[in-house]
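Chemist: Fold the following and give me the result.
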Amino acid sequence: MNEKRLVIACFGLVVAVAVGLLAVRFIEAITISVFLYYSTRRYYKALRRLRLTARIR
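Modeler: Modelled structure (predicted):
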């Protein structure tokens, strides 16, 4: 049972390292994406209140 836990822990560690490396490599794109998302959210909500179709929004 301990070997199974060790394998799962190693797999989780490998996945975490891979996600971390990708985040470091693309930190600029991630930062810009988050900024654009939060800066346009208010306008998107205002457009949603107008009850326009999704295609027009």
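
Chemist: can you tell me the helix or strand for L6?
Modeler: For L6, the host element (DSSP states H and E) is helix 2-25.

Chemist: Please state the offset of that helix from the chain centre?
Modeler: Relative to its chain's centre, helix 2-25 lies at 18 Å (Cα atoms, centre = their mean, to the nearest Å).

Chemist: Please apply the same query to stretch 22-38.
Modeler: Remark: stretch 22-38 is offset 9 Å from the chain centroid, using Cα atoms, centre = their mean.

Chemist: Please shift the residue numbers so they start at 57 in all later answers.
Modeler: In the new numbering, first residue 57, that becomes stretch 78-94.

Chemist: Extract the C-alpha set from that stretch and format it as PDB.
Modeler: Extracted as PDB, the C-alpha positions of stretch 78-94 are listed here (Å, rounded to 0.1, in the frame of the first residue of the first chain):
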ATOM      1  CA  LEU A  78       4.600  26.300 -17.700                       C
ATOM      2  CA  ALA A  79       3.500  29.100 -15.500                       C
ATOM      3  CA  VAL A  80       7.000  30.500 -15.200                       C
ATOM      4  CA  ARG A  81       7.500  30.200 -19.000                       C
ATOM      5  CA  PHE A  82       4.300  31.900 -19.900                       C
ATOM      6  CA  ILE A  83       4.000  34.300 -16.900                       C
ATOM      7  CA  GLU A  84       3.700  37.400 -19.200                       C
ATOM      8  CA  ALA A  85       0.800  35.900 -21.200                       C
ATOM      9  CA  ILE A  86      -0.900  34.700 -18.000                       C
ATOM     10  CA  THR A  87      -0.500  38.200 -16.400                       C
ATOM     11  CA  ILE A  88      -1.900  40.000 -19.500                       C
ATOM     12  CA  SER A  89      -4.800  37.500 -19.700                       C
ATOM     13  CA  VAL A  90      -5.800  38.000 -16.100                       C
ATOM     14  CA  PHE A  91      -5.600  41.700 -16.500                       C
ATOM     15  CA  LEU A  92      -7.700  41.700 -19.600                       C
ATOM     16  CA  TYR A  93     -10.300  39.400 -18.000                       C
ATOM     17  CA  TYR A  94     -10.700  41.600 -14.900                       C
END
